[in-house]
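Student: no FASTA, just this:
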């Protein structure tokens, strides 16, 4: 009887230790920043900032501009992929298929700024990102309305947030977005989405998770605590570390 109890206790302990090891393993994030169009000079600042967020919040960060890394096998190691101001046609057909399979298998997508200026001939991607970029006016101050302040990405933000950035106009805005922040087009010049101008959103999509923020054009964004916490919340949601809303 004593041996039986000891054996069961040992087996239970081993299972507990193995489970703890799995839970302790850090989740990994891939920052993908290939550009086939305009190249944002803020990309290096964005990479540095996200790497720092990883160190501070216990997730690993890899970086790449190589589309050959977008394979079914390689993507399995990542909880989410950040498209950091990607532009243009960055994937071939096989890479598009691999990324679709990745999302459908429960992967996460984080789009930052020019991620909506990417893959215009891939309709599935436009749905994943939530909209496509059309144009933008000059960089200027604008008023942002934080319409949902009950999420990990926005709870720290003021209800009315004034900041300078490059404000995108969009087309093909998806109807099922969970909008976090909108732009007040009366507060700046050049807005082309009157009445409804979302600039940050999230939603579960096609088996995975999608978060997008249109902020992040200027270098100063990546030293702004408000923006960084906003971005971190989106990353944690996309990686499956935390849920939206709170």
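Tutor: Good, I have the coordinates. As the structure is a computational prediction, the values presented were derived from the model and not from experiment.
Student: isn't there a strand covering residue 90?
Tutor: No. With DSSP: H, G, I helix; E, B strand; the rest coil as the criterion, residue 90 is assigned coil and is not in a strand.
Student: Please enumerate the helices of this protein.
Tutor: With helices called from DSSP state H, the chain shows them at 2-24, 43-57, 72-75, 93-104, 123-129, 225-239.
Student: tally of neighbours for the nearest residue to residue 90 once chain neighbours are set aside?
Tutor: Once flanking residues are discounted, residue 90 sits nearest to residue 34: 4.6 Å by C-beta to C-beta, 6 or more residues apart in numbering. Glycine gets a C-beta too; all of them are placed from N, C-alpha and C. The tally of other residues near residue 34 (other C-beta atoms under 10 Å) stands at 21.
Student: Tell me who's in contact with the closest residue to residue 48 other than its chain neighbours.
Tutor: Residue nearest to residue 48 in three dimensions, not counting chain neighbours: residue 222, with 7.0 Å by C-beta to C-beta, 6+ apart. Residues in contact with residue 222 (C-beta atoms under 8 Å, 6 or more residues apart in numbering) are 42, 45-46, 48-49, 216, 228.
Student: of all those, which comes closest to residue 72?
Tutor: For the contacts of residue 222, the residue nearest residue 72 by C-beta to C-beta is residue 46; the value is 26.5 Å.
Student: count of residues packed around that closest one?
Tutor: Neighbours of residue 46 using other C-beta under 10 Å come to 23.
Student: can I assume it is in contact with residue 217?
Tutor: No. Counting by C-beta atoms under 8 Å, residue 46 does not reach residue 217; the two are 10.0 Å apart.
Student: Need the overlap of contacts for the two.
Tutor: residue 85.
Student: Can you tell me which of the contacts of residue 222 lies closest to residue 119?
Tutor: residue 216 (18.3 Å).
Student: Can you tell me, leaving aside adjacent residues, what's nearest to that closest one?
Tutor: That would be residue 113: by C-beta to C-beta, 6+ apart, it lies 4.1 Å from residue 216.
Student: Residue 236 too?
Tutor: residue 242 is the one closest to residue 236 (C-beta to C-beta, 6+ apart), at 4.3 Å.
Student: so that neighbour touches residue 152, yeah?
Tutor: Yes. With contact defined as C-beta under 8 Å, residue 242 reaches residue 152; the gap is 5.2 Å.
Student: Please work out the average pLDDT along stretch 57-76.
Tutor: Throughout stretch 57-76, pLDDT has a mean value of 98.
Student: got it, and stretch 26-39?
Tutor: 97.
Student: can you check stretch 124-131 too?
Tutor: On average, stretch 124-131 scores 98.
Student: in that stretch, what counts as buried?
Tutor: Under the neighbour-count criterion of 16 or more other C-beta atoms under 10 Å, stretch 124-131 has 125-126, 128-131 buried.
Student: which one of those is nearest residue 178?
Tutor: Lowest distance from residue 178 to the buried residues of stretch 124-131 (C-beta to C-beta) belongs to residue 130, with 9.7 Å.
Student: Quick check on that closest one: phi, psi?
Tutor: In terms of degrees, to the nearest 10, the main-chain angles of residue 130 are phi 110, psi -20.
Student: how many neighbours does the residue nearest to residue 216 have?
Tutor: Residue 113: 27 neighbours (other C-beta under 10 Å).
Student: again with residue 195
Tutor: Neighbour tally, residue 195, other C-beta under 10 Å: 6.
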